[in-house]
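Engineer: Fold the following.
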Amino acid sequence: MSDTPTPKNVYTTRVTGLWNSRHEIQDEQGRVGLLEMKRNALGVITYGIYTPEKGAVLTISRDPGLRRAQFSMWSSGREWIGSSERENFFPRVMQMHTGGKPFHLVPLQGMVKGWGLFAPRTGEAARMTASWMGRDSRIEVYKRLDFPILLLGYFLGFRSYCEAIWPGPALHAGSR
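Structural biologist: Model (predicted):
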């Protein structure tokens, strides 16, 4: 993809565990933190706990309701950081609300297993791609982005990677 900008930051994830997975997130300097995803008795991922090497623990939990991808992220002091919602299945676009700037999580164009995190005015802020055979991922950040928002996008994208195999809709700056 020649139109992809040079990433400002690159993170990689190493996933272990089958039922309840553990995602070790690393950057160039080493381990950044550990995200643990927990499933309920039916096998649905219902919440995650992120324990950073430095800083506050973050919790991502499923909001009550019938919509898919309806999650909220909270700090250990119960400060709301962001939430997500998905209005329907077919467009496969998830909206993320952060109190200030909204984001869209969209399957990548082409036959790539991954998601793009888009800001409506400025375009693609980050890209998350998974290997075809394994569960490990690469996260490229192109614009200034708070890490908790990136983490919420990764959480939502990982739990829906199978939906990202088929190419997503074109989304660019100025899209809704």
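
Engineer: With adjacent residues omitted, what lies nearest to Asp63?
Structural biologist: Gln70 (4.5 Å; C-beta to C-beta, 6 or more residues apart in numbering). Yep, even glycine has a C-beta here, placed from its N, CA and C like the rest.

Engineer: what does Thr129 give?
Structural biologist: That would be Gly114: by C-beta to C-beta, 6+ apart, it lies 3.5 Å from Thr129.

Engineer: now do Gly77
Structural biologist: In space, Gly77 is closest to Ala56, 7.0 Å off (C-beta to C-beta, 6+ apart).

Engineer: Who are the contact partners of that neighbour?
Structural biologist: 75-77 (C-beta atoms under 8 Å, 6 or more residues apart in numbering).

Engineer: What are the boundaries of the helices in the chain?
Structural biologist: 147-158 (DSSP state H).

Engineer: now it, which segments are flagged as low pLDDT?
Structural biologist: 1-4, 65-69, 85-92, 161-176 (pLDDT under 70).

Engineer: mind listing what the longest strand seen in it pairs with, with the direction of each?
Structural biologist: In the chain, assigned by DSSP state E, the strand with the most residues is strand 30-39. Using DSSP bridges, the strands paired with strand 30-39 are strand 21-27 (antiparallel), strand 45-52 (antiparallel).

Engineer: Which of the residues in that strand are classified as buried?
Structural biologist: 32-33, 35, 37 (16 or more other C-beta atoms under 10 Å).

Engineer: quick one on the thing from earlier: quick one: which of the contacts of Ala56 has the most company?
Structural biologist: The most crowded member of the contacts of Ala56, judged by other C-beta atoms under 10 Å, is Ser75 (14 neighbours).

Engineer: That one and Pro52 touch, don't they?
Structural biologist: No: the pair Ser75 / Pro52 is not scored as a contact, 11.0 Å apart, by C-beta atoms under 8 Å.

Engineer: okay, and the common contacts of these two?
Structural biologist: Leu58.

Engineer: need the contact list for Val57.
Structural biologist: 49-51, 75-76.

Engineer: swap the cut-off to 6 Å and go again
Structural biologist: Residues in contact with Val57 (C-beta atoms under 6 Å, 6 or more residues apart in numbering) are 51, 76.
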